[in-house]
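> sequence first, predicted coordinates after that:
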Amino acid sequence: MYFEPYAIEVSQLVDASSVKVALELAAGTGRVTRHLRSVLPPTAKLIASDISPDMLSVAKEKLKAANIEWQIIDAQDLPFEDESVDLVVCCFGLMFMPDKLKVCSEVHRVLRAGGMFIVTTWDKLEAIGPASVYRSVAEKCLGQPLPESYDLPTSMHDESVVRELLLDAGFSRVAVEKQKMDSQCRSAKDAAEALTIAGAISNAIMSRNPARFDEIKFLVEKELARKFGDEPMIAPMSALIGQAWK
């Protein structure tokens, strides 16, 4: 619903002919990894990494037949030699990393001259239709706003901030732009189910008022259908796509 459109977009930005070694940070469950492997030459080495062993286990299972090297890596301390990688990709992971400048500086260090770093971050919450609806319904039912810490996923929505971060890390040329996409799901019911079964907001509901969980899911489904259609549900979303060259 969220990641597939941007995974395709990011893979299309790759100049596959220039890549012998590619590194993905915060690979998660492998949504972007799949598309990177499909566009890179068979001879190119693709290292897909995440700090979470559980996430990588899911990705490995989904892509077990692919030619991918899996590594558990802290992006703030990359275990690679200087100028040893041609491409680094990090989709929707940088927001959660404590020292973002250190991450970007490490990426700059390991990239070869002319190498590219592609990074994506989410736009403001209100620009991401399904997430905005879920947050609004949950807060109304819980009777109070969620803490500011719940804004972390959309905390890097300013193009100028992302641009300056990449420049401060040493990149010589940087381009950052917002890209609107359609978030698509088979039905509003499926979308509501997906939104409410996992994540920080769901944890908040279960810890504060678990008796209202099913009610919140129903209200989310109803509002999603009203705003974006029932079957299928097609909602707007927006993210920043940054490209930086060494």
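Yep, it's here.
> first to last residue in stretch 1-20, what's the distance?
End-to-end span of stretch 1-20 (Cα to Cα, to the nearest Å): 31 Å.
> residue ranges of the strands in the chain, please?
Along the chain, counting by DSSP state E, strands occupy 21-25, 45-50, 69-72, 85-91, 111-122, 173-185, 233-245.
> save these as a markdown table, and put in mean pLDDT, distance to residue 105 and mean neighbour count too.
In this view, the C-beta of every residue, glycine as well, is placed from N, C-alpha and C. As requested, the strands of the chain are exported to a markdown table (pLDDT from 0 to 100; distance: least, Cβ to Cβ, whole Å; neighbours: other Cβ atoms under 10 Å):
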| stretch | mean pLDDT | distance to residue 105 | mean neighbour count |
| --- | --- | --- | --- |
| strand 21-25 | 98 | 13 | 25 |
| strand 45-50 | 97 | 17 | 22 |
| strand 69-72 | 96 | 20 | 14 |
| strand 85-91 | 98 | 12 | 25 |
| strand 111-122 | 97 | 11 | 21 |
| strand 173-185 | 97 | 14 | 15 |
| strand 233-245 | 98 | 12 | 20 |
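> contacts only, for residue 35.
Counting by Cβ atoms under 8 Å, 6 or more residues apart in numbering, residue 35 makes contact with 7-8, 10-11.
> buried subset of the residues you listed?
Neighbour-count burial (16 or more other Cβ atoms under 10 Å) applied to the contacts of residue 35 gives 7, 10-11.
> nearest residue to the middle of the chain?
Geometric centre of the chain, nearest residue: residue 92, 2.2 Å, by Cα atoms, centre = their mean.
> for that residue, which non-adjacent residue is closest in space?
residue 120 (5.7 Å; Cβ to Cβ, 6 or more residues apart in numbering).
> do residue 150 as well
residue 200 (5.7 Å).
> farthest from the middle of this structure: give me that residue.
Going by Cα atoms, centre = their mean, the residue of the chain most distant from its centre is residue 211, 31.0 Å out.
> any idea how far the nearest residue to residue 245 once chain neighbours are set aside is from residue 84?
When the adjacent residues along the chain are set aside, residue 245 lies closest to residue 173, with 4.5 Å between them (Cβ to Cβ, 6+ apart). Residue 173 sits 21 Å away from residue 84, taking Cβ to Cβ, to the nearest Å as the criterion.
> tell me where this protein has helices.
Remark: helices assigned in the chain by DSSP state H are 3-12, 31-39, 53-62, 100-110, 129-142, 159-168, 188-197, 200-208, 213-228.
> tell me the contacts of the residue lying closest to residue 134 once chain neighbours are set aside?
Closest residue in space to residue 134, ignoring its immediate chain neighbours: residue 195 at 4.6 Å, by Cβ to Cβ, 6+ apart. Taking Cβ under 8 Å, 6+ apart, we find residue 195 in contact with 130-131, 134, 202, 220.
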